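Trainee: sequence? don't have it. structure:
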């Protein structure tokens with residue numbers, strides 16, 4: 001199909017990407033622990049997306065985000 005998917009997550013996405021790739025034309029995958037840019041800027045440049053999936057290990061949700069910069073794990077700017 002012609003779906004365009006944005007996938008944001010940690011190693012949990014490793015098992016999802018091959019499954020989605022079977023029936024999806026385009027997937028962009030980000031692990032925000034290793035991405036230094038602005039996710040918002042990337043989406044504006046490369047979007048729109050049909051769906052966005054956010055998949056993280058539940059232990060990651062226990063972090064208290066400071067939202068000081070776009071480099072914080074759950075600040076999706």
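Mentor: Happy to help now that I have it. Note that the coordinates shown come from a computational prediction; the quantities given were computed from them, not determined experimentally.

Trainee: What's the mean pLDDT across the longest helix along the chain?
Mentor: The longest helix of the chain (DSSP state H) is helix 39-46. Here helix 39-46 scores 91 as its mean pLDDT.

Trainee: give me the low-pLDDT residue ranges for this structure?
Mentor: 58-77 (pLDDT under 70).

Trainee: what about the helices in it?
Mentor: With helices called from DSSP H, the chain shows them at 16-21, 39-46.

Trainee: Any buried residues in the first one, and which?
Mentor: Right, the one you point to is helix 16-21. 16, 20 (16 or more other Cβ atoms under 10 Å). Where you see a C-beta, it was placed from the backbone N, CA and C, and this is true even at glycine.

Trainee: now do the last one
Mentor: Buried residues in helix 39-46, counting neighbours by 16+ other Cβ under 10 Å, are found at residue 39.

Trainee: helices and strands around that helix, which ones?
Mentor: When contacts are defined as 3 or more Cβ pairs under 8 Å, 6 or more residues apart in numbering; DSSP states H and E, helix 39-46 packs onto strand 26-30.

Trainee: just how off-centre is stretch 24-39 within its chain?
Mentor: Centroid separation for stretch 24-39 versus its chain: 5 Å, with Cα atoms, centre = their mean, to the nearest Å.

Trainee: again, but for stretch 47-58
Mentor: The chain centre lies 5 Å from the centre of stretch 47-58; the measure is Cα atoms, centre = their mean.

Trainee: Tell me which residues are up against that stretch.
Mentor: By Cβ atoms under 8 Å, 6 or more residues apart in numbering, the surrounding residues in contact with stretch 47-58 are 3-13, 16, 28, 43.

Trainee: In TSV, list those along with distance to residue 49.
Mentor: Converted to TSV, the contacts of stretch 47-58 look like this (distance: Cβ to Cβ, whole Å):
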residue	distance to residue 49
3	9
4	5
5	6
6	4
7	10
8	11
9	15
10	19
11	22
12	19
13	15
16	15
28	8
43	7
